[in-house]
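*Asks:* Structure, please.
(one chain, ligands or ions: 1)
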Amino acid sequence: MRLSRYFLPILRETPKEAEIVSHRLMLRAGMIRQEAAGIYAWLPLGLRVLNKVNAIVREEQNRSGAIELLMPTIQSADLWRESGRYDAYGKEMLRIQDRHEREMLFGPTNEEMVTEIFRGYVRSYKDLPLNLYHIQWKFRDEVRPRFGVMRSREFLMKDAYSFDLDQAGAVHSYNKMFVAYLRTFARMGLKAIPMRADTGPIGGNLSHEFIILASTGESEVFCHADYLNFDIPAENTDFDDIPGLQSTVDKWTSLYAATSEMHDAGAFEAVPGDKKMSARGIEVGHIFYFGTKYSEPMGAKVMGPDGQERPVHMGSYGIGPSRLIAAIIEASHDENGIIWPEAVAPFDVAILNLKAGDAGTDAACERLYRELSAAGRDVLYDDRDERPGGKFATADLIGVPWQVVIGPKGLAEGKVELKRRATGERETLSLDDVAARLV
Ligand SMILES: Nc1ncnc2c1ncn2[C@@H]1O[C@H](COS(=O)(=O)NC(=O)[C@@H](N)CS)[C@@H](O)[C@H]1O
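*Replies:* This next block holds a predicted model:
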């Protein structure tokens, strides 16, 4: 992408309404724009990151055997009356009427709808286990949306829903999602710690939140420091290995970890002093087992192997891709801007032409731009007629992992400069060598 032809509305000033660094940087880097309280437009740079985050979420959901579909954002109130949540959900639910005065709502979550889809087609235990997921916008009329997309009113959620014949099967489905979540967040360069959690309006009695430690996190968390060094389940994890997954989950729940709602100070006391961690955290995922809470009232049942009909056991599993972007920035930035983990960076490489219009630097930049693009790298070529300082500042702000600086002086010696954003380390090497390094 040539920056002279892109749409990247960088802000010079720090917006005063932004209280935390991720909100400030997402506004300044031209990633989002507020359209209403808690409602944001995703500008081109932000959308590129959101798509990369979603790609990782999707890959790990699919690896675990979950199947993607897409449910609508607008739902019928009658559906929610079946589960009894229409009135119980409270003011967070955005209730609307259509032209025929039918009561509708903008979905805050999809347990009822996915149960309705399931019951419309599945009758036999032979069709189980089943996990259906989608990545869809949600609306929750938060009384105090804040911190940008960290706690917004319209937000993106991956929500998965599992269906099993009995609790034992549902626990295995839960464990598959648990392992998928460990892999998902690790691939984004995050250390997420699973913590026993409250189940709230979703319900049930088994639930874990996945928390990223960050000083600006809304959650207060207490946990054993050893979690930070646990190995992440491998790419070739066998998701059909029931005891294997259970032992992984047992390991990842063997040490103390709880949010303030679930904190047991006595139990925490037993953690060795140098291993005690109390910190702020950001909830990036939350998984629940809630048995027949929805299948019973909504008549989602299957014929068992014994010829008996029974309601299916379900769980739901949420990740917030839009919140995740803010969480990644909170965990990975410096005074100059964002430092994207390579897996989610909006571009892989930024080429900075220090003298746009100079035949030599233009030719060298064009050549590198062509070579890297042909090799499948996402390149942002800063070809603007702008002084070097502004180009350096923009590249650091938007956090592209690699910068290639090409200027007339360096070229005269056949050299360009390669800078690694994460560490600031710089190397001087030939144009050929830098291309080889980056493909
Ligand atoms: N207001 C919000 N803004 C941004 N992300 C949010 C917001 N509320 C929730 N999320 C994200 O969505 C994830 C799942 O939300 S949840 O309420 O915990 N779970 C559910 O809604 C279940 N239906 C899981 S499918 C959270 O872990 C969080 O990452």
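*Asks:* So which bits of the stretch 151-300 of the chain are right by the ligand?
*Replies:* Residues of the stretch 151-300 of the chain lying near the ligand by Cβ under 6 Å from any ligand atom: 151-152, 155, 157, 159, 202, 283-286. C-beta coordinates here come from the backbone N, C-alpha and C atoms, glycine included.
*Asks:* so which pair among these is furthest apart in space?
*Replies:* Of all pairs drawn from these, the greatest distance, 19.1 Å, lies between S152 and I202 (Cβ to Cβ).
*Asks:* Which one's more surrounded, these two?
*Replies:* Just comparing S152 and I202: by other Cβ atoms under 10 Å the higher neighbour count belongs to S152, 25 against 19.
*Asks:* residue contacts, the more buried one?
*Replies:* Contact partners of S152, counting by Cβ atoms under 8 Å, 6 or more residues apart in numbering, are 38-40, 142, 145, 322.
*Asks:* From K16, how far off is R2?
*Replies:* Relative to K16, R2 is positioned 32 Å away (Cβ to Cβ, to the nearest Å).
*Asks:* Give me the more crowded residue out of these two.
*Replies:* Comparing R2 with K16 by other Cβ under 10 Å, the one with more neighbours is R2, at 15 against 7.
*Asks:* shaky segments in the stretch 151-300 of the chain?
*Replies:* Across the stretch 151-300 of the chain, not a single residue meets the criterion (pLDDT under 70).
*Asks:* count of residues packed around I74?
*Replies:* Neighbourhood size, I74 [other Cβ under 10 Å]: 12.
*Asks:* no wait, E261
*Replies:* Counted with other Cβ under 10 Å, E261 comes out at 13.
*Asks:* Endpoints of stretch 190-202, how far apart?
*Replies:* From its first residue to its last, stretch 190-202 covers 26 Å (Cα to Cα, to the nearest Å).
*Asks:* Stretch 315-326 now?
*Replies:* OK, stretch 315-326 end separation, Cα to Cα: 27 Å.
*Asks:* Please point out which parts of it sit buried.
*Replies:* Neighbour-count burial for stretch 315-326, counted by 16 or more other Cβ atoms under 10 Å, picks out 315-326.
*Asks:* Among those residues, name the ones in strands.
*Replies:* Counting by DSSP state E, those place 315-319 in strands.
*Asks:* which one of the residues you listed is nearest V416?
*Replies:* Of all those, V416 sits closest to I319, with 39.6 Å by Cβ to Cβ.
*Asks:* Look up the pLDDT of the residue most central in space within the chain for me, please.
*Replies:* In the chain, the centroid-proximal residue (Cα atoms, centre = their mean) is P321; its distance is 3.0 Å. Predicted confidence (pLDDT) for P321: 98.
*Asks:* List the contacts of it.
*Replies:* The contact partners of P321, taken as Cβ under 8 Å, 6+ apart, are 50, 53-54, 57, 135, 156-158.
*Asks:* Apply 6 Å and report the result again.
*Replies:* P321 sits next to 53-54, 57, 156 when contact means Cβ atoms under 6 Å, 6 or more residues apart in numbering.
*Asks:* Tell me which two in those are the farthest apart.
*Replies:* For the contacts of P321, the farthest-apart pair by Cβ to Cβ is V57 and L156; their separation is 9.8 Å.
*Asks:* Of those two, which one has the most company?
*Replies:* Between V57 and L156, counting by other Cβ under 10 Å, V57 is the more crowded of the two (26 against 22).
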